[in-house]
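*Asks:* here's my sequence, what's the structure:
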Amino acid sequence: MSRTLILALGLIMSLGAFAQDDVEIERVINGFNSRFALVKNPEGKVKAIRLKKAISTFTIMPFIEQIKSDLLAEQESFNALTPNEKEEEINQLITDLGYNPYDKTADGSQEVQKIKDSLLNLKNINVDATFKQLNQTAFWKE
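*Replies:* Numbers count the residues shown, from 1 in each chain. Next comes the predicted model:
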């Protein structure tokens, strides 16, 4: 008796799972059909799949806004460090790049110092003003 009951319960639950799969498959198919059109040859075989809605304009502005947002967050995070922590983090970055931040005579030491000075100057950069200035030029159009 209990085996029959367990078997019946298992069968009922598996039918529910199949019904959910059918609903999910139908949703996916409808989503595909709303975005794409099938181009068929005279025999009825699919020859190509075309996007129904062509994109007439392309913009990288969402990407640029994300970069701006990331820069502001990094600047805020970097400004929260103490001067010693900033120096340690920059020295670690320079070491990760394969340079010795403490060797002032090595090849590339001048470039390393310029990178270090630039990173330490991040606190003085107004990211919003910089991006606003770029918006007033033809920079983004190119």
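*Asks:* any stretches of this protein with poor pLDDT?
*Replies:* 1-22, 54-56, 137, 139-142 (pLDDT under 70).
*Asks:* what's the helix or strand for residue 47?
*Replies:* strand 46-51 (DSSP states H and E).
*Asks:* what comes up buried for whichever helix or strand comes after that strand?
*Replies:* Sequence-wise, the next helix or strand downstream of strand 46-51 (DSSP H and E) is helix 61-79. By 16 or more other C-beta atoms under 10 Å, the buried positions in helix 61-79 come out as 71, 78. In this view, the C-beta of every residue, glycine as well, is placed from N, C-alpha and C.
*Asks:* just the CA trace of helix 61-79, in CSV.
*Replies:* Provided in CSV are the C-alpha atoms of helix 61-79 (Å, rounded to 0.1, in the frame of the first residue of the first chain):
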residue,chain,number,x,y,z
MET,A,61,27.7,56.2,-23.3
PRO,A,62,26.5,53.5,-20.9
PHE,A,63,30.0,52.1,-20.9
ILE,A,64,31.5,55.5,-20.4
GLU,A,65,29.2,56.2,-17.5
GLN,A,66,30.2,52.9,-16.0
ILE,A,67,33.9,53.8,-16.3
LYS,A,68,33.2,57.2,-14.7
SER,A,69,31.3,55.5,-11.8
ASP,A,70,34.1,53.0,-11.3
LEU,A,71,36.7,55.8,-11.3
LEU,A,72,34.8,57.7,-8.7
ALA,A,73,34.4,54.6,-6.5
GLU,A,74,38.1,53.8,-6.8
GLN,A,75,39.1,57.4,-6.1
GLU,A,76,36.9,57.3,-3.0
SER,A,77,38.3,54.0,-1.9
PHE,A,78,41.9,55.2,-2.5
ASN,A,79,41.3,58.4,-0.6
